[in-house]
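Novice: Everything below, folded, please.
(one chain, ligands or ions: 1)
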Amino acid sequence: MSSPEILPVSESRRWKYLDNVRTRPGAFVDPDEFDGSTVVDNMNKIKIFGAGGLGCEILKNLALSGFKDISIIDMDTIDISNLNRQFLFRHADVGKFKAEVAAKFVERRVKGVKITPYNCKIQDFDEDFYLQFQIVVCGLDSIEARRWINATLINMVNPENPDSMKPLIDGGTEGFKGQARVILPTMGSCIECQLDMHAPRAAVPLCTLASIPRQPEHCIEWAHVIAWDKEKPFPQLDKDDPEHITWLYQKALERAKEFNISGVTYSLTQGVVKNIIPAIAATNSVIAAACCNEALKIASSCAPFLGTPGDGEPNYMMYSGNDSIYTYTFKHEQKEDCPVCGMTARVLKVNPKWTLEELIESFATLPEAQLKKPSIRAEGKTLYMQLPPSLEEQTRPNLSKTLEELGLTAGTEIAVTDPAFLGVVFNFSLRFA
Ligand SMILES: [Zn+2]
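Specialist: Down below sits the predicted model:
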């Protein structure tokens, strides 16, 4: 199906109502400080970056909100199952890269917009890449990817250079629920500060996975965390490689049979491993719309945006359609002990009789840590390292020692790192419970 021809005359009229909104000051804007005549020009120059599962919605909204230079990133190719809600794709596009097809479609429909597609992961780029944008809009479907972009944007902030501060607009949905938030890196609460808003999913202690699985998810996590490490069927797990997922699925299935557990399927395996959250098309629309309106307000200053700096200004909107409809907008406070944007170590209550292994396992389920492969140092001494293998072997004997035996006392500061968040050190100050 091809898009209908757009006549030049209707194309110029397309922006009439948008321009009414963005070139006039909103009711809460100081009209003396707002210069509507510069807005369109400024917005034409803004480079904006979009990523994630809300992709079609975000891209369509940004293009129709007057952004002209948009970059999008998505590593996936189009699957037939996407066609029910990802409306920029057609049957003939199955198998092609999502970012590329979406970019072409919207460029064809909205004249004058330039869309640069990248068929890869957000983690494939470094700070130099993200520095070119003025606004980042993410509708990512994994908390890991969110935490990564959050930490990257915060590390990029250079107090000498105001342009290094990139507003991050984050939207996410889970079934009928969702949230939209604006993060001004280092100036307010960040995604890591707000981590406890996301309850850890499927974080099961290793001992349960290893000895007494009860649910299909436990078998999948066992294949993911234990069998993969032991057998290393491929050098590195690529969660987007169907061959890798198939390997995990087969392993999980064998284990499920052994323990008489039913329900392990390929798509559940993919869901657990990638931590995929069920998507409802219209919830995605609501949340993506909220995010893109904030982008428009940040870019034009036509109205105060969510996360506007100031006392008590809200930065977080939650939306729930689980029981009728409810929305609530509030200020999530920056945490002094945030491992990414804070200054002090976070207090961690532990039992001195715990072994180091038990401490390490606790990081997976701890709401404010959610680290699956933590390595630990204490006061300059390495207690346990997941990588490289030689160091892992060398530090492994510590796993069975108790915290007391390792000389950890109340007030000891430990530094925790995880391969999913390179460059981020989570500092904790121990308290004995
Ligand atoms: Zn923070």
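Novice: near the ion, which residues of the stretch 51-200 of the chain show up?
Specialist: When proximity is defined by Cβ under 5 Å from the ion, the stretch 51-200 of the chain lies next to the ion at C190, E192, C193. Using the backbone N, CA and C atoms, a C-beta is placed for each residue, glycine as well.
Novice: Next one: the first one from E57, what distance?
Specialist: Which is C190. Per Cβ to Cβ, to the nearest Å, C190 is found 24 Å from E57.
Novice: who's more crowded, the two?
Specialist: The neighbour comparison of C190 against E57 (other Cβ atoms under 10 Å) goes to C190, with 29 against 25.
Novice: you'd agree that one is up against Q334?
Specialist: Yes: counting by Cβ atoms under 8 Å, C190 does reach Q334; the two are 7.2 Å apart.
Novice: what sits in contact with each of the two?
Specialist: The contact sets of C190 and Q334 overlap at C341 (Cβ atoms under 8 Å, 6 or more residues apart in numbering).
Novice: Tell me who's in contact with the residue nearest to E107 when sequence neighbours are not counted.
Specialist: The shortest distance from E107 to any non-neighbouring residue, by Cβ to Cβ, 6 or more residues apart in numbering, is to I115 (5.4 Å). Counting by Cβ under 8 Å, 6+ apart, I115 touches L59, A63, I70, S71, I72, A102, A103, V106, E107.
Novice: And for Q270, the neighbour number?
Specialist: 18.
Novice: ok, now A151?
Specialist: 21.
Novice: Could you do the one 5 residues further on as well?
Specialist: Here the number of neighbours of M156 (other Cβ under 10 Å) works out to 18.
Novice: Identify the residues contacting the residue nearest to it when sequence neighbours are not counted.
Specialist: Nearest-residue entry for M156: E127, 4.9 Å, with adjacent residues in sequence omitted and distances by Cβ to Cβ, 6+ apart. E127 sits next to T152, N155, M156 when contact means Cβ under 8 Å, 6+ apart.
Novice: how near is the first one to E127?
Specialist: It refers to T152. Distance from T152 to E127, by Cβ to Cβ: 6 Å.
Novice: go on, P419?
Specialist: P419 sits 19 Å away from E127, going by Cβ to Cβ.
Novice: Over to K68?
Specialist: Relative to E127, and taking Cβ to Cβ, K68 is found at 24 Å.
Novice: With A420 instead?
Specialist: A420 is 18 Å from E127, by Cβ to Cβ.
Novice: can you check L88 too?
Specialist: L88 sits 30 Å away from E127, going by Cβ to Cβ.
Novice: Equivalent analysis for I48, please.
Specialist: Computed as Cβ to Cβ, the I48 to E127 distance reads 17 Å.
Novice: Check K60 too.
Specialist: Applying Cβ to Cβ to K60 and E127 gives a distance of 29 Å.
Novice: One more: L62?
Specialist: Using Cβ to Cβ, we find L62 at a distance of 23 Å from E127.
Novice: And the average pLDDT for whichever helix in the chain runs longest is what?
Specialist: With secondary structure taken from DSSP state H, the chain has its longest helix at helix 281-300. Confidence for helix 281-300, expressed as mean pLDDT, is 96.
Novice: Quick check: which element contains S429?
Specialist: Element membership for S429 (DSSP states H and E) is strand 426-432.
Novice: ok, residues contacting that strand?
Specialist: So strand 426-432 is in contact with 339, 344-352, 369, 371, 374, 403, 408-418, going by Cβ under 8 Å, 6+ apart.
Novice: is any part of it close to the ion?
Specialist: No: using Cβ under 5 Å from the ion, strand 426-432 stays clear of the ion, coming no nearer than 11.4 Å.
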